[in-house]
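>>> Dropping a prediction and its sequence here:
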Amino acid sequence: MKNPVLGVLSFLLDKILFFVKPKPKRTSVTDENGKLYETSLFKRGDLLEVPRTLFVHFGIYLGNNRVAHLIPDILPALTCKKARVENVVTNKRLIAGVLAKMASVRVDNVQDFAYGAIILVNSMDRHVKNNPLSNEEVARRAEKLVGTTSYSLLWDNCEHFVTDCRYGTPVSLQTDKFCDIVKKIIRDQRSVVISAAVGMALTLCVGVGPFTALPSFLITFTLWMAS
């Protein structure tokens with residue numbers, strides 16, 4: 001017959017070991033400013049979103065602290081030195097890439113991708129109509145696109161890249177929002193009056209000439225016809 005005391009002790013020992021056994025470690029990384037990112041919360045194929053001051057930057061998490069993201073960059077067109085190109089893209093390189101309409105889909109670590117900002121995970125899933133593809137398929141699509149590519153601030157940006165990878169169709173909610181604002185400005189007849197006033201002021205200050213009068217007339221006429 002089994003000793004009931006030993007049974008109770010065995011039961012208590014199992015419970016104690018359950019609570020005191022070490023928990024699995026959470027993988028985390030910190031950037032140069034000490035900001036902590038829990039990479040264990042990210043899954044391969046997740047869409048990562050980094051809100052900036054004026055825009056939102058996007059990337060696809062590939063696993064092992066790696067993020068694929070499209071970023072404007074002029075340097076790949078100027079040098080073949082891989083070590084220089086792999087350095088973090090500076091603001092000068094980024095602006096030059098925007099003006100030259102050149103970019104690259106590159107793989108950086110989470111810290112360099114986030115650049116000190118918070119990271120949102122898959123928050124676009126509730127805004128895009130298409131259902132997301134499987135995470136592994138998303139990651140594979142992103143990996144295939146790594147390399148130099150063309151760039152357009154409105155029509156071919158980082159948001160188009162991630163939505164094409166995750167949902168199978170390139171869309172940009174930021175571009176749509178910007179276009180809606182432009183439409184409202186064009187349709188507002190007050191913009192016609194403002195453009196006409198600015199044109200007259202420039203004409204009076206600079207003088208009547210083809211470089212002042214013609215653009216002022218064309219802008220005012222276009223706004224009037226579109227409103």
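On my side now, so go ahead.

>>> Let's see stretch 55-75 as PDB, backbone CA atoms only.
Only the C-alpha atoms of stretch 55-75 are listed here, as PDB (Å, rounded to 0.1, in the frame of the first residue of the first chain):
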ATOM      1  CA  PHE A  55       6.100  59.900 -41.200                       C
ATOM      2  CA  VAL A  56       6.100  56.200 -40.300                       C
ATOM      3  CA  HIS A  57       8.800  53.800 -41.300                       C
ATOM      4  CA  PHE A  58       8.100  50.100 -42.000                       C
ATOM      5  CA  GLY A  59      10.000  46.800 -42.100                       C
ATOM      6  CA  ILE A  60       9.600  43.100 -42.100                       C
ATOM      7  CA  TYR A  61      11.200  41.100 -39.300                       C
ATOM      8  CA  LEU A  62      13.300  38.200 -40.500                       C
ATOM      9  CA  GLY A  63      14.300  36.700 -37.200                       C
ATOM     10  CA  ASN A  64      17.600  36.800 -35.200                       C
ATOM     11  CA  ASN A  65      17.400  40.600 -34.600                       C
ATOM     12  CA  ARG A  66      17.200  41.300 -38.400                       C
ATOM     13  CA  VAL A  67      14.800  43.600 -40.200                       C
ATOM     14  CA  ALA A  68      14.400  44.000 -44.000                       C
ATOM     15  CA  HIS A  69      13.300  47.500 -44.900                       C
ATOM     16  CA  LEU A  70      13.300  49.800 -48.000                       C
ATOM     17  CA  ILE A  71      15.200  53.000 -47.400                       C
ATOM     18  CA  PRO A  72      16.300  55.800 -49.800                       C
ATOM     19  CA  ASP A  73      20.100  55.600 -50.300                       C
ATOM     20  CA  ILE A  74      22.400  57.200 -52.900                       C
ATOM     21  CA  LEU A  75      25.600  55.400 -51.800                       C
END
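
>>> In that stretch, which of the residues would be classed as buried?
56-62, 65-75 (16 or more other C-beta atoms under 10 Å). Yep, even glycine has a C-beta here, placed from its N, CA and C like the rest.

>>> same thing with stretch 124-134?
Using 16+ other C-beta under 10 Å as the test for burial, stretch 124-134 gives 124, 132-133.

>>> Equivalent analysis for stretch 162-179, please.
Here stretch 162-179 shows 162-167, 171-172, 174-175 as buried, counting by 16+ other C-beta under 10 Å.

>>> Stretch 89-102 too?
89, 93, 96-98, 102.

>>> Give me the average confidence score over it.
For stretch 89-102, the mean pLDDT works out to 86.

>>> Kindly report the same for stretch 134-150.
The pLDDT scores in stretch 134-150 average 95.

>>> for it, which positions count as buried?
Buried residues in stretch 134-150 (16+ other C-beta under 10 Å): 135, 138-142, 145.

>>> of the buried residues of stretch 124-134, closest to Asn157?
For the buried residues of stretch 124-134, the residue nearest Asn157 by C-beta to C-beta is Met124; the value is 13.9 Å.

>>> re earlier: which single one of the buried residues of stretch 124-134 is nearest to Gly116?
Met124 (21.6 Å).

>>> For the nearest residue to the closest one once chain neighbours are set aside, which residues are in contact?
Nearest residue to Met124, sequence neighbours excluded (C-beta to C-beta, 6 or more residues apart in numbering): Leu47, at 5.9 Å. The neighbourhood of Leu47, defined by C-beta atoms under 8 Å, 6 or more residues apart in numbering, consists of 58-61, 121-125, 132, 138, 162, 165-166.

>>> just checking, which of the residues you listed belong to strands?
If you go by DSSP state E, these have 58-61, 121 in strands.
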